[in-house]
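> heads up, no residue letters with this:
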């Protein structure tokens, strides 16, 4: 009953109407950037055969976002995906005719089987406890999965922990037999499986004095008993990277072989159950690598010679045989290193593609080799395709699918993975589609307001001549008749813009971006960890522009760009097109770290510094020769400037102009900079100021003013500040007409602490939430939170005078149950009502900054969350909602009224009801109507960004993580626009009728008054 009254009392509750789903919001489901470092997880084509003889091609891949995904190569759509938990890393996948097996967890703790077409989970079994799994480096070492052949086609062989092999029935999940190495990895670490009808071969490495020795064990597939084992005479130094297990499923009579690279020679060892054979050597060439290109089950691999040239080696009855040499594949400065990939056609014949980039012709080339064509002599088909390296970086991996429609014709489809995280499918030289999977790893993002249509169209005309301006105005006047007709139509029919309608945007790509009537359309500027920045249309989620980061001098040695902070330095209110500055860290492969800024136009992606060539990589500006400590934004007269602190606390300004220096010097007396300092595990919070005097280096250097050490068992996990949103009301008027004034200290910041990383996890460890005065290090508020098995997962947000934090309470006892909790805290000035200390304007030296009244209340929350953020509106008048990403992959809102810490424990009095307070209930209701993402599964959300619209009632919400999601929310309903069911036509007719009545009645009244005057005389 209490819950019912709570829901009925929420008169301002927001619910998404069914008609608005997919209209006012959008969702981009992503798979993530493919894991290409290991062949066990890299993308591969797979052709499933059906009972009616039909086949269907799919692309399988595991990704850096810990997702197993299947893409449709025809359309690029995501057929299905399985999102693994963060602590359950994918180690390998293996495909069979109708299923795909995935091995995940520490040491291969979990095995899952999926239907390859629709992604249905057919089997899930835990092979061992993840806590008991063995950690290897790389993490997929010691694990493998393979399917049985012949009579064992229903069996799945799984290698875990580097020494345990299990035979599992793929239909029931029952373990038919298991085998464990007696030494349990103390001598041999197994990492590869080859299943044949006569034996299951395990391949491992045993450590010798200066290298590794290959070790093979053969096991009976029927009983699991060991048949034979022993070391293969070998000496290798590169682990399993140059080791291939080779067999030919098309010719099962051929004896499989173990192939490896040793002392720049290729050696092989025939595999038979008794392991009695002797190694053989391929003579006549010097090699530097042996590559399994994905068709080792069909008897072929690629060997790269010392000069970089590639050759195809095939398994034959005589052993290994070189069947093809790729022409012009020798290393050359005119082209990139070759990437080799193998694939099959519909008949199961193997193909090997060589892909490289030509620095001379600025195009990519593909040479596809088919060994079975030209009467078994082999045939190569070559072509070029216009891959745009300036838009997508370099090609990092290739998967190939081929067809042979005519005897001497080969058609190839290439699935490319690029360094920026994009995946593409090329059919010969035609690009079929592109997926920007790099967007699954956004590091920073901001919403940028668009200019009005007129302003956008006339941008850059401030210095035009009189004649040019006259011609432009005459041209604009041509549209006036159409505008007048449209205005009259809108006025008569009432067909004005609607807040529930989709944001209209022109399909004309040459037209400048402009905002809609309500400011719902914005540009989302987002930078990823894969070296790219994007401009995304908030109307539909489409990419408007993108730029690849240039490495500067680090391009000679290699490196990568890590986005740190993103600032909007110029908005439409500043009179020109909006611009953003991205602060990044450039980590070169030689170990050097620099701070680089990228300054771009938010509407077009053009380089605002003018250093970059159009349609080329985006060049940045090196501002700090070293790592970045912190960066802030300073408001100037014409925009904003970025203030940066280097590792020596020296101040750097961008742009370093006279105006920015003047603004900086003016702000110096009030600047208070809190920073995290100390080594990991012993971090503390320190405050800093910047003196007006310049040091001998020519720069200002910040000096420490205070230190706030935390308990030795606690370490700083996160620091968060209050957003710079406008505050409409400085206080809350109570029902008895007294006032609580909000504590609005501009230097207030939040700190989350957790157990120190230098200590072992302990159940007695505690977490902490602090509110600290950043000007002098005074603790304003502190709460101790219990940890969960020595770990902390606290999410918090601070807006105005309101702090909300969420955690899991693992303690249980009488009247106390384990549950997720949310705590709502409000801070007010003074120690009671009507006490005002002007906290927003107080000097940092005043003792009044610590005069605070705290109201707090804890609630039981429906579940876990991954991030939390408050809504944001233009003037701060609208009631704040809390937006969370919950554990069910949903974006959900919770109104402030439910979280008000002053909710009375008893039935509200008349004065409390006047404040719209509702009776306290310890449980926050999980209202499905407040799920903003409705039926979308928004996976692994890391951050929610909110931004105001032109309507005060509406806040824009952008969530990013694995997926992208955008919507808008009106916490207090759309009080500033007419409702959707308002009868505008009736209003027009009523006004028109009244006007007509006035016209008709007015002369009648005048004549009547005239007659009355005559009679009066």
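Noted; the coordinates are in hand. Just so it is clear, the model here is predicted, and its values are computed rather than measured. Numbers count the residues shown, from 1 in each chain.

> got the contact list for residue 676?
When the contact criterion is CB atoms under 8 Å, 6 or more residues apart in numbering, the partners of residue 676 are 683-686, 716, 719. Quick note: C-beta positions are derived from backbone N, CA and C, even for glycine.

> Out of the residues you listed, name the ones that lie in strands.
Among the contacts of residue 676, the residues falling in strands (DSSP state E) are 684-686, 716, 719.

> Report the buried members of those.
Of the members of the ones in strands among the contacts of residue 676, the ones counted as buried by neighbours, 16 or more other CB atoms under 10 Å, are 684-686, 716, 719.

> closest to residue 809 among those residues?
Top of the list for closeness to residue 809, among these and by CB to CB, is residue 716 at 22.1 Å.

> so who does the closest residue to that closest one other than its chain neighbours touch?
Spatially, and ignoring its direct neighbours in sequence, residue 716 is nearest to residue 683 (4.2 Å; CB to CB, 6 or more residues apart in numbering). Contacts of residue 683 were listed using CB under 8 Å, 6+ apart, and they are 676-677, 710, 715-716.

> Can you list the strands that the host helix or strand of residue 563 pairs with?
According to DSSP states H and E, residue 563 maps onto strand 559-570. Strands that pair with strand 559-570, judged by DSSP bridges, come out as strand 579-588 (antiparallel).

> Where do the helices of this protein begin and end?
2-9, 389-392, 453-457, 466-477, 480-493, 658-667, 910-914, 984-1016 (DSSP state H).

> just those helices: most buried one?
Burial of the helices of the chain is given as mean neighbour count (mean count of other CB atoms under 10 Å); helix 389-392 ranks first at a mean of 19.

> That one packs against which elements?
Counting contacts by 3 or more CB pairs under 8 Å, 6 or more residues apart in numbering; DSSP states H and E, helix 389-392 packs against strand 543-548.

> Buried ones in the strand it packs on, by neighbour count?
Taking 16+ other CB under 10 Å as the basis for neighbour counts, the residues of strand 543-548 that come out buried are 544-548.

> Check stretch 243-263 too.
243-248, 254, 256-262.

> Could you give the separation of it from the chain centroid?
When C-alpha coordinates are averaged (CA atoms, centre = their mean, to the nearest Å), stretch 243-263 and its chain have centres 40 Å apart.

> Likewise for stretch 314-329?
Using CA atoms, centre = their mean, the offset of stretch 314-329 from its chain centre is 43 Å.

> Would you mind listing where the stretch 451-600 of the chain has pLDDT under the threshold?
By pLDDT under 70, the weakly predicted segments of the stretch 451-600 of the chain are 454-464, 476, 479, 483, 485-502, 504-511.

> on that earlier part again, now do the strand holding residue 563: everything it contacts.
Residues outside strand 559-570 that contact it (CB under 8 Å, 6+ apart): 443-446, 448, 525, 527-529, 531, 533, 549, 551, 576-589, 595-596, 599, 602, 628, 631, 633, 639-642.

> What sits closest to residue 38 if chain neighbours are left out?
If you skip the residues right next to it in sequence, residue 38 has residue 140 as its closest partner in space, 5.6 Å away by CB to CB, 6+ apart.

> measure the one you found to residue 719 for me?
As defined by CB to CB, to the nearest Å, residue 140 lies at a distance of 36 Å from residue 719.

> Endpoints of stretch 952-966, how far apart?
With CA to CA, to the nearest Å as the measure, the ends of stretch 952-966 fall 18 Å from one another.

> and residue 705, what does it touch?
Contact analysis of residue 705 by CB under 8 Å, 6+ apart lists 672, 687-689, 776.

> Just send the helices of the chain back as CSV, with distance to residue 158 too.
Formatted as CSV, the entries for those read as follows, by distance: least, CB to CB, whole Å:
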stretch, distance to residue 158
helix 2-9, 48
helix 389-392, 37
helix 453-457, 59
helix 466-477, 71
helix 480-493, 67
helix 658-667, 62
helix 910-914, 63
helix 984-1016, 67
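
> picking up where we left off before, okay, now the residue nearest to residue 38: neighbour count?
Residue 140 is surrounded by 22 other residues when neighbours are defined as other CB atoms under 10 Å.

> again, but for the one 10 residues further on
Applying the criterion other CB under 10 Å, we find 11 residues in the vicinity of residue 150.

> Kindly report the same for residue 515.
With neighbours defined by other CB under 10 Å, the count for residue 515 comes to 22.

> Tell me how far the closest residue to residue 643 other than its chain neighbours lies from residue 584.
Distance criterion CB to CB, 6+ apart; nearest residue to residue 643, sequence neighbours excluded, is residue 632 at 4.7 Å. Residue 632 sits 16 Å away from residue 584, taking CB to CB as the criterion.

> And the two? Which one has more around it.
Between residue 632 and residue 584, counting by other CB under 10 Å, residue 584 is the more crowded of the two (25 against 13).

> residues contacting the more buried one?
Counting by CB under 8 Å, 6+ apart, residue 584 touches 527, 549, 561-564, 595-598, 620.

> Farthest-apart pair in the residues you listed, please.
When CB to CB is used, the two most widely separated members of the contacts of residue 584 are 527 and 595, lying 14.5 Å apart.

> Which one's more surrounded, these two?
When neighbours are counted by other CB under 10 Å, residue 527 and residue 595 differ, and residue 527 comes out ahead with 29 against 25.

> The more buried one contacts residue 546, correct?
No: Residue 527 lies out of contact with residue 546 (CB atoms under 8 Å); the separation is 10.3 Å.

> what do those two both touch?
Applying CB under 8 Å, 6+ apart, one finds that residue 527 and residue 546 are jointly contacted by 533-534.

> how does the chain divide into domains?
34-144+163-178, 983-1017 (automatic domain parsing).

> What mean pLDDT does the shortest one get?
Taken as a whole, domain 983-1017 carries a mean pLDDT of 85.

> next one: the longest one
When pLDDT is averaged over domain 34-144+163-178, the result is 93.

> how far does that domain stretch from start to finish?
Start-to-end span of domain 34-144+163-178 (CA to CA) is 32 Å.

> Also stretch 693-707?
Start-to-end span of stretch 693-707 (CA to CA) is 23 Å.

> Show me which residues of that stretch are buried.
Going through stretch 693-707 with 16+ other CB under 10 Å, the ones that come out buried are 700-702, 705-706.

> Also stretch 150-168?
So for stretch 150-168, counting by 16+ other CB under 10 Å, buried means 152, 155-168.

> same thing with stretch 326-338?
Neighbour counts over stretch 326-338 (16+ other CB under 10 Å) mark 326, 329, 335-336, 338 as buried.

> Perfect, that will be all.
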